[in-house]
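J.: let me see the structure of the following:
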Amino acid sequence: MKKIYSILSLFLLVSLAMSAQTRIYAPALNAPENESRSQMPNVVLDWLAVTGITLDITYEAQLAVTPDFTDAVTFPRTDLTSVQTSDLIFGEFYYWRVRAFDGTVASDWSEIWSFQVTWTVSLTSVPSDGSNVYVNPTIQWRTISGISKYQFQMDTSYAWHPGVSGVTSMLNDTYIVNEGNIWAVGDDGVVLHSDGLTWTSVESGVTADLKSVYFIDATHGYAVGAAGTVIFYDGTTWSAQESQTTNDLLGVSFADVTKGFAVGTGGTIISFADNAWSVAVSGITTDIYDVAMISESNAWACGKSKMVLHYDGASWTNQEVGSKDLYGISFQDESNGWVVGKLGTIYHYDGAAWIQQLVSSSGSTFNKDLVSVSVDNYKGYAVGVGGTLVALNGGWTLVTSGTSKDLKGVYAYGDNFGAIVGASGTVLEKTDVGFNSPALKTISVNSSWVSLDLEALNFGQTYYYHMRAIHGSDTSAWSQVKSMTTFSSVSNESPGNGDIVDLEFLLEWSKYDGIVDFVIEVDSDETFSTPQVMYADTAAIDYISNYFGTAYFWRVAAEHAFDRSDWSAPSSVVTIDEVTLTTPLDGSVDIAVCPKFVWETINGCPGYEVWVSKTSDFTDPMISEVTTSYMQCSSQMERNIVYYWKVRGTTAVDTSGWSAVRSFTTEGYIGINEYLNEEAITVYPNPNNGDFTILVESYSSDEYAVNISDLTGRIVYSELVSFVPGENAVSISVPSLQQGIYSLIISRGDESITKKILIN
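T.: Residues are numbered from 1 along each chain as shown. Okay, here's the model as predicted:
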């Protein structure tokens, strides 16, 4: 009986325990991952299914912008394991959670996850920032779902534009007192001042490299630099102050006219108080690169080996932030500070902790060193190597600086004013928001597109562009600003500058996409005073000259309906002025008594004049005019005689210079003596029209068969000819022969000789 009671008691206890528990577990969240970034404004919230006692399992999801869910939006209960959001605010952080229902019984809430909606459009690397493009470039971006459209803007002006510093030294830092009072310092003691319009040099009184500058007001300014250099500006002149250190000073900042710090190499910190500088205890030995004071009792500094220092009014304490060297620091208030450093490192201080921030850079990894940062009212800039410029406007985005020079210092002053300095005296100025010139184009782009084809841009123009996304509840921040410059002209490619060309030659130049026509000018005057103008729709055109030995200059421009490019750099050519002889070779002997004269073709030359003479001064020339680059003699020349020959080109209005004179010696007497000898037989002219002459040298009287056969071997002409000793000329006329190649066969008994003849 006792045993049964014990079992019943145990069953009762287990049943009571089960009835006290929730019948269904809280769901596990799946996607988007906790603390993920760049989510779409229609992101799907997804979780894992759970089981319960019944089959009636439903879910309830909540979304909020505060972690306590006091502003939560509750989605209708669903039996699916996901819900689709819509029109979420760009750049906003959201928190979400889910609970399950088994019938009417609810589980506990899941854990809370967060995500951030993408805050802007990410332009891809096509085209790359600052690249040269044709007048019909394609702009590409990474798609954003859940929007109604994109907006694209392009302008020929941009907020940042180059200024003229008047120096070539490295400029290391800049400070803006107001829009008419801007300072910059650099190597070799350089100090520059701008009144908002013009930069002028100011005597600093030192030659040491100046690394940092800070102004409390118009009459209290400080600059620090190498070997412990400190100079002070009183509103009129700069003068040196004793710093109490010989270490390089790299950064300076003041809370007010009575309290300031400068930092430098080897852990150096010097403090300004009671109108004098003194060495402070930093507790470290590594380099400190920059300092920012918020108040007399609140200052921050950053430096080598992920170091961030904080001053609480009494002492400096050190902490590690990230994993890289930190080069620049900026605070706008106690709860908002930024440090930047090696390989694109950026951290934000929110009043409690340092949190890493990433740079949007067309979807690729951003890893450029950032050396200076300045933020004002949550908008600012950081600069670095190779012209790197990133902007803070809801998030950090790589934007165009318009230069590839290293940038060393930046100062943001309000929303629409700023200054940047860098290598080789580089000065960049920001005087407005940009994208506000008369050339501004704003284009509405379909939400399904991932690229935009532009057309008919102006030649040689720099364009700046950005994009943003729009849906029913919000408009994103503008994307990064990128720049592109259209090619200003084409380039001449062939002939090369100074080349000698035939009378007809091909002009070729580089291709240019997106144009309608090319315009070509050719002139014998290098100033193109009276050019011959031609047009082409491809990157080449034939040109024909009637003049030998003449210099021509040529250039090309591309054009479309709205603009014409610059002219290409002119090239010059010279038309050929001399024929080059080929055969017979100069000084050759045993040349047939009816040779074929050959020379190099001059393209575009309509005719040639050939002189052949037995004297080198051509006192008795045989003159022929031909339209080909060869001449077959029409009558037998004397044997064993030296002949001279030369050729020149002719046009309707000009003749070339003569070729070099060549000589050759004709063959001696060679006849047929008891055998046939090919050298004893000459056919001229060859080619011919069916009327030609056979010239045979014979040693004796004899009868020969003369036959002509076609390619099939069919005899088309036959005659018996009696030769006498010496030279024999036989005229043959076969006008009925069709065009083609025939065999001339001269035979005696079992011996024969064959020569090819061409009927044209």
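
J.: go ahead and confirm Phe597 touches Ser634.
T.: No - applying C-beta atoms under 8 Å, one finds Phe597 not in contact with Ser634, separated by 11.6 Å. Every residue, glycine included, has its C-beta placed from N, CA and C.

J.: specify which residue of the two has the higher count of neighbours.
T.: Per other C-beta atoms under 10 Å, whichever of Phe597 and Ser634 has more neighbours is Phe597, with 22 against 13.

J.: and the helix or strand harbouring the more buried one, which strands flank it?
T.: Secondary structure assigned from DSSP states H and E places Phe597 in strand 596-599. Sheet pairing of strand 596-599 (DSSP bridges) gives strand 581-583 (antiparallel), strand 630-632 (antiparallel).

J.: next one: the closest residue to Val427 other than its chain neighbours from Asp187, what distance?
T.: Among residues not flanking Val427 along the chain, Gly163 sits closest, at 3.9 Å (C-beta to C-beta, 6 or more residues apart in numbering). Distance of Gly163 to Asp187, given as C-beta to C-beta, to the nearest Å: 18 Å.

J.: again, but for Tyr643
T.: 80 Å.

J.: same check on Ile139?
T.: Ile139 is 40 Å from Asp187, by C-beta to C-beta.

J.: which of those two has more neighbours?
T.: Higher neighbour count among Ile139 and Asp187: Ile139, with 22 against 18, using other C-beta under 10 Å.

J.: is that one in a bridge, and if so with what?
T.: Beta-bridge partners, per DSSP bridges, of Ile139: Leu452.

J.: was I right about it contacting Tyr465?
T.: Yes - using C-beta under 8 Å, Ile139 makes contact with Tyr465 at a distance of 6.7 Å.

J.: between those two, which contacts overlap?
T.: In terms of C-beta atoms under 8 Å, 6 or more residues apart in numbering, Ile139 and Tyr465 are both contacted by the residues Phe152.

J.: show me where the stretch 551-700 of the chain has strands.
T.: 551-559, 571-575, 581-583, 588-591, 596-599, 607-613, 622-626, 630-632, 642-650, 662-666, 681-684, 691-698 (DSSP state E, counting those that start in this stretch).

J.: including distance to Glu35, could those strands go into a markdown table?
T.: Formatted as a markdown table, those follow (distance: least, C-beta to C-beta, whole Å):
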| stretch | distance to Glu35 |
| --- | --- |
| strand 551-559 | 52 |
| strand 571-575 | 62 |
| strand 581-583 | 82 |
| strand 588-591 | 91 |
| strand 596-599 | 83 |
| strand 607-613 | 86 |
| strand 622-626 | 88 |
| strand 630-632 | 85 |
| strand 642-650 | 82 |
| strand 662-666 | 89 |
| strand 681-684 | 97 |
| strand 691-698 | 99 |
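
J.: of all those, which one comes closest to Trp338?
T.: Trp338 lies closest to strand 551-559 among the strands of the stretch 551-700 of the chain, at 46.3 Å (C-beta to C-beta).

J.: which helices and strands does the closest one pack with?
T.: For strand 551-559, the packing partners by 3 or more C-beta pairs under 8 Å, 6 or more residues apart in numbering; DSSP states H and E come out as strand 492-494, strand 504-509, strand 517-523, strand 571-575.

J.: how about those strands, which one is nearest Arg23?
T.: Of the helices and strands packed on strand 551-559, the one closest to Arg23 (C-beta to C-beta) turns out to be strand 517-523, at 79.9 Å.

J.: before we move on, the earlier item: the helices and strands packed on strand 551-559: which one's closest to Gly260?
T.: strand 492-494 (61.1 Å).

J.: given the helix or strand just after that closest one, what are its sheet partners and their directions?
T.: Downstream of strand 492-494, the next assigned helix or strand under DSSP H and E is strand 499-501. Strand 499-501 has the following strand partners under DSSP bridges: strand 571-575 (parallel).

J.: measure stretch 411-425 end to end?
T.: 16 Å (C-alpha to C-alpha, to the nearest Å).

J.: report the buried residues of it.
T.: 411-413, 417-423, 425 (16 or more other C-beta atoms under 10 Å).

J.: try stretch 196-203
T.: In stretch 196-203, counting by 16+ other C-beta under 10 Å, buried: 199, 202.

J.: pLDDT of it, averaged?
T.: Taken as a whole, stretch 196-203 carries a mean pLDDT of 95.

J.: swap in stretch 484-497?
T.: Taken as a whole, stretch 484-497 has a mean pLDDT of 96.

J.: where's that stretch relative to the chain centroid, distance-wise?
T.: On the basis of C-alpha atoms, centre = their mean, to the nearest Å, stretch 484-497 is displaced by 15 Å from the centre of the chain it belongs to.

J.: quick check: end-to-end length of that stretch?
T.: OK, stretch 484-497 end separation, C-alpha to C-alpha: 30 Å.

J.: repeat that for stretch 34-44.
T.: Counting by C-alpha to C-alpha, the terminal residues of stretch 34-44 are separated by 13 Å.
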